[in-house]
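Peer 1: Whatever this is, show me its structure:
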Amino acid sequence: MTPFSKGSIETLSAGAFASATTISSGGAEIVSRGGLAVGAAIMSGGKITIASGGTDIGLSVSPGGSAIVSSGGILELLSGNTTSGITLLAGATLEVTSGAVLSGQTVSKGVTVVVLSGSTAESLNVKAGGVEIISAGGFESGSNISSGGTFETIGNASVTPHLLSGAVFEVGSGALTSVASPSRSCPAVLSAAAPPCSTMW
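Peer 2: Have a look, this model is predicted:
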């Protein structure tokens with residue numbers, strides 16, 4: 001475990017890797033293009049920035065710490081991780097990996113949330129311009145997709161979203177879904193999907 005405290009800045013660029021780094025008060029870590037951080041712990045007063053092309057896996061942020069995922073940055077949540085203290089800017093991607101649960105997250109304009117096989121999304125709020133993708137083997141329950149928000153399901157994903165008027169619903173190959181929607185608009189069909197506007201609609 002590598003500690004970074006006041007005045008210390010660690011920058012991870014192409015090919016650089018850091019594991020189990022602890023960022024204390026006044027310390028900072030920047031994960032730039034091609035850099036990878038795994039298991040970073042951000043303590044009160046510490047900060048991490050995941051820049052375009054950078055990836056962070058298993059990040060934890062204590063109260064008073066902060067994390068920013070910039071456009072083009074990728075954050076992967078592991079089992080037991082939360083998004084507390086994490087800011088997702090437009091263009092950021094949040095991946096929920098097997099065993100992880102993401103609950104109550106607001107997906108703002110330009111942000112993409114990808115729920116991978118074996119992971120779960122519960123009651124997400126997808127705003128206009130936000131995107132929620134449930135991959136094959138992923139689980140979703142009760143997401144609210146606002147007008148202009150996009151919900152996409154692929155393969156054998158299990159999903160029960162609530163689509164508000166004006167929401168975009170995309171159905172990928174092999175998907176069969178059950179949705180609640182005040183409108184009767186048909187979803188976009190990506191390929192080889194169950195018929196849109198079926199009896200489950």
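Peer 1: Spatially central residue in this structure, please.
Peer 2: Nearest to the geometric centre of the chain sits Leu94, at 2.4 Å (Cα atoms, centre = their mean).
Peer 1: and that one, what element?
Peer 2: Using DSSP states H and E, Leu94 falls within strand 93-96.
Peer 1: Within its sheet, name the partner strands of that strand and how each one runs.
Peer 2: Here strand 93-96 has these sheet partners by DSSP bridges: strand 74-77 (parallel), strand 112-115 (parallel).
Peer 1: Save those strands as CSV, and put in mean pLDDT and distance to Gln105 too.
Peer 2: Heads up, the C-betas are built off the backbone N, CA and C, glycines and all. Shown next, in CSV, are these (pLDDT from 0 to 100; distance: least, Cβ to Cβ, whole Å):
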stretch, mean pLDDT, distance to Gln105
strand 74-77, 98, 10
strand 112-115, 98, 7
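Peer 1: quick one on the thing from earlier: residues in a beta bridge with the residue nearest to the centre of the chain, which ones?
Peer 2: Leu75, Val113.
Peer 1: from what I can see it touches Asn81, true?
Peer 2: No. Under the criterion of Cβ atoms under 8 Å, Leu94 makes no contact with Asn81, lying 10.5 Å away.
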